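Undergrad: my questions concern the predicted model and sequence given below.
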Amino acid sequence: MNSVIAVAITGSVPRKKDNPAVPTTVDEQIESTHQAFEAGATLVHIHVRNDDESPSSDPDRFAAVQEGVRKHCPGMIVQFSTGGRGRDPSARGLSLVHKPDMASLSTGSVNFPSIVYENHATLVNDLAGSMRTHGIRPEIEIFDLSHIHGAKRLIEEGLMDAHPHVQFVMGVKNAMPADEHLLDILLAETKRVIPGATWTAAGIGREQARVMGWALARGADAVRTGLEDNIRVTKDRLAVSNAELVSLAAEMVTRDNRKVATPTEARALLRLPAA
């Protein structure tokens, strides 16, 4: 069985003061992605930053990272973030005109450590409609059980097909805890209401490896790692790169008697056209 390794290279929260390896410029992001690709990642989840490291929605920056990834990482799946932390809601979908292979889509609001991550139904519909228009496969970010039913509604309304990629996000403070029993509930409900979905799970911070292990044990189609979610290898040591985290994920995949998916295999598994 093949497993896609997704790498979330930057995110909107960690800064270089937290870990100098966090790539924040376009050139750094392209190089970090290339290193992760060489280590086994076949999907890259992209946020971009302003020059002061704050979150950005600049479509040109997204386009520049995509161009570099497609040049240096043949066949790699490019996924843009439409996530809202630190971004103007009206700008969150501006990059979709550049037609990445995939884009993240949150289908409901949730409490985060210090803010409410707000995803009004109108915004969700607009983002889903833009993805449909541009031929982009959504990755549905599940922070709560109701978000699964939000995705089902989008399918019923014709805003996306019946085969989204679903990601359960576990371990965000004030949101869904990293609890194995909760993963079973979420997975069962997803299989019940969106049986055509592929799935993965992301553990935040120290929960990264634990959640990855739970996902592999349950036959997940993909695993996720990267400096967006976790800047450490151990409590006492920072990760030196996204590639190091990908290498550790690849070791877990292999130990589970699986094969790390190639770009071609990853695209087929997630129902994406060949590069």
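TA: Everything's here; your move.
Undergrad: can you show me the strands along the stretch 151-275 of the chain?
TA: 165-170, 198-203, 222-225, 232-234, 237-238, 259-260 (DSSP state E, counting those that start in this stretch).
Undergrad: so what touches the second one?
TA: Pointing back at strand 198-203 there. 4, 6, 8, 163-171, 178, 183, 187, 190, 208-212, 214-215, 220-224, 229-230, 269-271 (Cβ atoms under 8 Å, 6 or more residues apart in numbering). (C-beta placed from N, C-alpha, C; glycine too.)
Undergrad: now do it against strand 165-170, angle only.
TA: Interaxial angle of strand 198-203 relative to strand 165-170 (axes from the mean of the first three to the mean of the last three Cα atoms, to 10 degrees): 20 degrees.
Undergrad: any idea which residue sits dead centre in the protein?
TA: Centroid check for the chain by Cα atoms, centre = their mean gives His45 as the closest residue, at 5.0 Å.
Undergrad: backbone dihedrals for that residue, please?
TA: Backbone torsions of His45, given as degrees, to the nearest 10, read phi -100, psi 120.
Undergrad: these two touch, right, it and Asp229?
TA: No: counting by Cβ atoms under 8 Å, His45 stays clear of Asp229, with 9.6 Å between them.
Undergrad: give me the common contacts of the two.
TA: Taking Cβ under 8 Å, 6+ apart as the criterion, His45 and Asp229 both touch Ala8.
Undergrad: let's verify Glu139: helix, strand, or coil?
TA: Counting by DSSP: H, G, I helix; E, B strand; the rest coil, the backbone at Glu139 sits in strand.
Undergrad: how far away from the center of its chain is stretch 175-190?
TA: In terms of Cα atoms, centre = their mean, to the nearest Å, the centre of stretch 175-190 is set 17 Å apart from its chain centre.
Undergrad: can you give me the buried ones in it?
TA: Neighbour counts over stretch 175-190 (16 or more other Cβ atoms under 10 Å) mark 175-176, 178, 183, 186-187, 190 as buried.
Undergrad: can you lay out the residues you listed as JSON lines showing pLDDT and distance to Val116?
TA: JSON lines is the format used below for these (pLDDT from 0 to 100; distance: Cβ to Cβ, whole Å):
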{"residue": "Ala175", "pLDDT": "94", "distance to Val116": "11"}
{"residue": "Met176", "pLDDT": "96", "distance to Val116": "15"}
{"residue": "Ala178", "pLDDT": "98", "distance to Val116": "21"}
{"residue": "Leu183", "pLDDT": "98", "distance to Val116": "24"}
{"residue": "Leu186", "pLDDT": "98", "distance to Val116": "21"}
{"residue": "Leu187", "pLDDT": "98", "distance to Val116": "26"}
{"residue": "Thr190", "pLDDT": "98", "distance to Val116": "24"}
